[in-house]
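Novice: Got a predicted model here, sequence first, then my questions.
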Amino acid sequence: MSVVLLWVLAALISVALIVARYRSAIADGTWFDFTNYFLPAGLAVTDGRSPYDVDGYVYSPIIAVLVGATLGFPEPITVWTILSLGAAVGAIALFTATIWHQLRPWQRPCIAAVAVITLMWNWLTTLMLGSGQTDLYVMVALCGAGFAASRRNAVATGAGIAIAALMKTWPMIVGIWMFRRGASKRWTTLIAAFVTGSVALVVIIVIWGPEAISAWADAVLRARSQPGLIHFNVLSMGEQIFGGGKGVVSAPPTFPALAIALTIVSILVIVSALIVALLWPGDDLLSLWHVTLAVVLLLPVTHSVYLILGLPILWVRFARFMSRPRRSVNVVTLAIWILWWVASARVQWSGDTFTTMSTVGYATVMALTMIALVVSVILEARVRTRDSGVAITGA
């Protein structure tokens with residue numbers, strides 16, 4: 001009976017937060033990306049034109065087709081918002097299903113509730129929905145890949161990663177996770193990802209011609225530098241903090257030497273963490289999200305909303321804490337990740353985090369993100385060296 005009550009409570013929390021996010025997105029959202037890029041691209045494809053006729057559209061034609069399917073409704077943004085929230089629910093459901101058998105019955109609704117709370121009671125999710133972005137589609141695709149890996153389904157694992165790349169291009173780099181040490185059915189996974197991506201490219205070529213591929217690549221390359229925005233990556237960290245980064249409010253005087261030094265050190269730290277996550281991955285599910293967050297921090301352009309892709313690491317750490325609450329590793333890592341969530345998702349630093357943000361806020365979020373990732377990667381490598389490459393395991 002207590003388990004049923006926990007599920008009812010989790011469901012009530014989920015409904016309340018999902019409705020709140022929907023209402024806030026519809027009431028307060030500027031829908032900047034949806035209005036300026038996605039919607040015009042959707043209109044272009046429905047008119048038989050290339051989505052890359054829209055200046056600034058950098059995503060695959062698949063997104064334009066999805067948006068085009070919403071144009072038959074009176075308010076396309078409402079449908080798009082519902083689809084985004086559906087992707088969030090799907091991601092949480094897939095994650096919970098992935099670790100279902102590793103949890104006791106009472107722990108399952110708890111981890112589902114924690115996932116809902118941390119994702120839906122989240123400033124970054126509010127920003128993402130308000131702009132009409134696609135990060136939740138990336139999350140659900142990667143959660144699908146993680147679920148498939150836990151079931152030793154190499155075909156679905158590879159397809160999930162390829163679909164994530166079709167949602168936002170850069171997740172194709174997450175494909176390096178398939179090369180982690182001890183990966184199960186590596187070649188089958190690689191072939192599945194390649195075939196899924198190839199089929200999508202063939203369809204694109206058939207509909208819009210081979211020039212659509214080059215236009216997509218050109219659009220992505222042109223968008224690799226967005227100097228007017230704040231970037232939450234290690235490539236920009238030094239300039240944002242010490243170099244008077246363009247978007248940062250009250251930036252200190254320019255210190256080019258410190259900016260360069262911080263950038264180099266930060267890159268080395270995250271690259272090292274990525275290498276460790278690949279050589280000593282430990283739990284497959286955790287290593288997938290370690291690699292994902294490391295890739296996010298190494299991208300040329302990383303908006304604040306991308307950081308929601310670090311949440312599955314917090315979910316895994318919470319699940320492990322529930323299973324073995326007295327283990328120091330579980331206590332330490334969970335505490336750090338909760339601090340990271342509070343700083344990045346709950347504290348609304350001055351500025352919108354897209355074009356302006358306080359230097360203290362930016363430095364705090366970046367420092368905690370890097371510390372949380374590095375600690376998680378190192379501790380996982382140390383305690384699970386013998387288990388590296390195995391499928392998803394318990395805490």
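Specialist: Nice, I can see it. Numbering: from 1, shown residues only.
Novice: okay, now V195: neighbour count?
Specialist: V195 is flanked by 14 other residues according to other C-beta atoms under 10 Å. From N, CA and C alone the C-beta is placed, and that goes for glycine too.
Novice: State the distance from it to L201.
Specialist: Applying C-beta to C-beta, to the nearest Å, the value for V195 to L201 is 11 Å.
Novice: do E75 as well
Specialist: 32 Å.
Novice: for the helix ranked longest in the chain, packing partners?
Specialist: When the chain is parsed with DSSP state H, its longest helix is helix 2-28. Contact here means 3 or more C-beta pairs under 8 Å, 6 or more residues apart in numbering; DSSP states H and E; on that basis helix 2-28 packs against helix 76-98, helix 107-120, helix 123-131.
Novice: between the helix or strand that the shortest one is followed by and helix 76-98, how big is the angle?
Specialist: Proceeding N to C from helix 123-131, the next assigned helix or strand is helix 135-150, under DSSP states H and E. Going by axes from the mean of the first three to the mean of the last three C-alpha atoms, to 10 degrees, helix 135-150 is angled at 20 degrees with respect to helix 76-98.
Novice: picking up where we left off before, need the helices and strands packed on helix 2-28 in TSV with mean neighbour count and mean pLDDT, can you?
Specialist: Formatted as TSV, these follow (neighbours: other C-beta atoms under 10 Å; pLDDT from 0 to 100):
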stretch	mean neighbour count	mean pLDDT
helix 76-98	21	96
helix 107-120	22	97
helix 123-131	23	92
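Novice: okay if I get the ones you listed as CSV plus distance to P281?
Specialist: Output for these, formatted as CSV (distance: least, C-beta to C-beta, whole Å):
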stretch, distance to P281
helix 76-98, 16
helix 107-120, 21
helix 123-131, 26
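Novice: related to what we said a few turns ago, which one's more surrounded, E75 and L201?
Specialist: The neighbour count for E75 versus L201, taken as other C-beta under 10 Å, is higher for L201 (17 against 10).
Novice: What strand or helix carries that one?
Specialist: Here L201 sits within helix 186-208, counting by DSSP H and E.
Novice: send the alpha carbons of stretch 206-214 over as PDB?
Specialist: Provided in PDB are the C-alpha atoms of stretch 206-214 (Å, rounded to 0.1, in the frame of the first residue of the first chain):
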ATOM      1  CA  VAL A 206      15.800  12.400 -52.100                       C
ATOM      2  CA  ILE A 207      13.500  15.200 -50.900                       C
ATOM      3  CA  TRP A 208      15.700  18.300 -51.000                       C
ATOM      4  CA  GLY A 209      18.700  17.200 -53.100                       C
ATOM      5  CA  PRO A 210      22.300  16.700 -52.200                       C
ATOM      6  CA  GLU A 211      22.800  20.400 -51.700                       C
ATOM      7  CA  ALA A 212      20.700  20.100 -48.500                       C
ATOM      8  CA  ILE A 213      23.500  18.200 -46.800                       C
ATOM      9  CA  SER A 214      26.100  20.800 -47.700                       C
END
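Novice: mind listing what's buried in it?
Specialist: Judged by neighbour count (16 or more other C-beta atoms under 10 Å), stretch 206-214 contains these buried residues: W208, A212.
Novice: what does it contact?
Specialist: S50, Y52, P61, L201, I204, I205 (C-beta atoms under 8 Å, 6 or more residues apart in numbering).
Novice: The first one - how many residues pack around it?
Specialist: When neighbours are defined as other C-beta under 10 Å, S50 has 20 of them.
Novice: Quick one: mean pLDDT for stretch 342-355?
Specialist: For stretch 342-355, mean pLDDT rounds to 86.
Novice: rewinding a little: next secondary structure element downstream of the helix holding L201?
Specialist: Next along from helix 186-208, by DSSP H and E: helix 211-222.
Novice: ok now that following helix, how far from the chain's centre?
Specialist: Centre-to-centre, helix 211-222 and its host chain are 23 Å apart (C-alpha atoms, centre = their mean, to the nearest Å).
Novice: Check which element follows it along the chain.
Specialist: Downstream of helix 211-222, the first helix or strand assigned by DSSP H and E is helix 234-242.
Novice: mind checking the backbone torsions on M357?
Specialist: phi -170, psi 140 (degrees, to the nearest 10).
Novice: swap that for A183, sorry
Specialist: phi -60, psi 130.
Novice: shouldn't it be in contact with G175?
Specialist: No - contact criterion C-beta atoms under 8 Å: A183 and G175 do not qualify, at 11.5 Å.
Novice: Next, the distance between the ends of stretch 165-183.
Specialist: Stretch 165-183 has an end-to-end distance of 20 Å (criterion: C-alpha to C-alpha, to the nearest Å).
Novice: List the buried residues of that stretch.
Specialist: Of the residues in stretch 165-183, 165-175, 177-178, 180, 183 count as buried by neighbour count, 16+ other C-beta under 10 Å.
Novice: From R23, how far off is L9?
Specialist: Taking C-beta to C-beta, one finds L9 at 22 Å from R23.
Novice: so Q226 makes contact with F354?
Specialist: No - applying C-beta under 8 Å as the test, Q226 and F354 come out as separate, 10.0 Å apart.
Novice: ok, the residue lying closest to A159 once chain neighbours are set aside - how many residues close by?
Specialist: Excluding the flanking residues, the one nearest A159 by C-beta to C-beta, 6 or more residues apart in numbering is T196, at 4.5 Å. Using other C-beta under 10 Å, T196 has 20 other residues around it.
Novice: Next, the contact list for V8, please.
Specialist: By C-beta under 8 Å, 6+ apart, V8 lies in contact with nothing.
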